[in-house]
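Q: give me coordinates for this.
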Amino acid sequence: MADYGLRIIGEHGATQIDSEYRNHQLVASGSIAHEDMTFVSGSGGASVMYEMNMPGLTSPLIAFACADAPVFYYESSSGNYLFIKTDPDTANPAPINYWVFDLVATAAEPAGYGLVIWNATGQIAFDSGRKSLSIVDFLLGVDPGGTSGSGSLDTTYPSGRTYAVAPCRLGFDYVHQALGVGTNFDVLHAKFTTGMMQAGNVCRLRWVPEYIQILPNNQSPPFSEAYRSAETDWLIVDVTNY
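A: The predicted structure is shown next:
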């Protein structure tokens, strides 16, 4: 902390607000209906996707919850975020609920009273008119284990609350498989880690296959080895009444 400013420390001794650092706060939330998603080409109907346009975000953290199927997302292009739901329950599909946390640019509309804290350069560090990012747990450097579609890692949290998962680093791996003698092509199978909330308070991380590509013999995969990692990082966020 600088020589002057404001710091608020919680009962456990952790800093809750420091005027020198900006806080992520809720800027948007909503729900993506299963009916509004489209099939992922080549998945045989096993995966559906939805691209959401959210321009103007600075450093977003997007948390989501889906009860019927594993989900992951990535920024497909500037301001566009592609959500992919794998192996959905077509008989009783669930929506993807999402909450977007970001560094806020302007104060929320006043509602009678509240507190807004600016930093030394005039940026908003905290606004009591917005809901804050409430992190319950860090699942860092974990590997769901097992092969695609079978291995998973479940973590249970206290009931009576609403939770969402937020990926910080997706696990990613691939298998480059030759089709055998007499063929001119190889098959590339890629897989990602996904997250879902079962029964509202059980976080499940698992590997899912999501990308298959046919390559000429001996052609290098279109991925960098730098992104290949079995470990994945996720945040568990409390979004009760958000």
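
Q: quick one, domains of this protein?
A: Using automatic domain parsing, the domain ranges for the chain come out as 7-127, 144-238.

Q: got the contact list for Leu144?
A: Small correction: residue 144 is Pro, not Leu. 151-153, 171, 193, 205-207, 232 (Cβ atoms under 8 Å, 6 or more residues apart in numbering). All C-beta spots, glycine's among them, are computed from the backbone N, C-alpha and C.

Q: ranges for the helices of the chain?
A: Secondary structure of the chain (DSSP state H): no helices present.

Q: ok, the nearest residue to Thr15 once chain neighbours are set aside to Gln16 distance?
A: For Thr15, the nearest residue in space outside its immediate sequence neighbours is Ile9; the separation is 5.6 Å by Cβ to Cβ, 6 or more residues apart in numbering. In this structure, Ile9 lies at 7 Å from Gln16, with Cβ to Cβ, to the nearest Å as the measure.

Q: for the chain, which spans come out with low pLDDT?
A: Filtered on pLDDT under 70, the chain yields the residue ranges 1-4, 41-45, 110-111, 145-151, 173-192, 209-230.

Q: isn't Ser159 right next to Gly200, touching?
A: Yes. With contacts counted by Cβ atoms under 8 Å, Ser159 reaches Gly200, the gap being 7.4 Å.

Q: who's more crowded, the two?
A: More neighbours surround Gly200 than the other of Ser159 and Gly200, with 13 against 9 (other Cβ atoms under 10 Å).

Q: tell me, how many residues neighbour Tyr21?
A: 14.

Q: how about the contacts made by it?
A: The contact partners of Tyr21, taken as Cβ under 8 Å, 6+ apart, are 119, 125.

Q: quick check: beta-bridge partners of Tyr155?
A: Quick fix: residue 155 is Thr, not Tyr. In this structure, Thr155 has beta-bridge partners Cys203, where bridges are defined by DSSP bridges.
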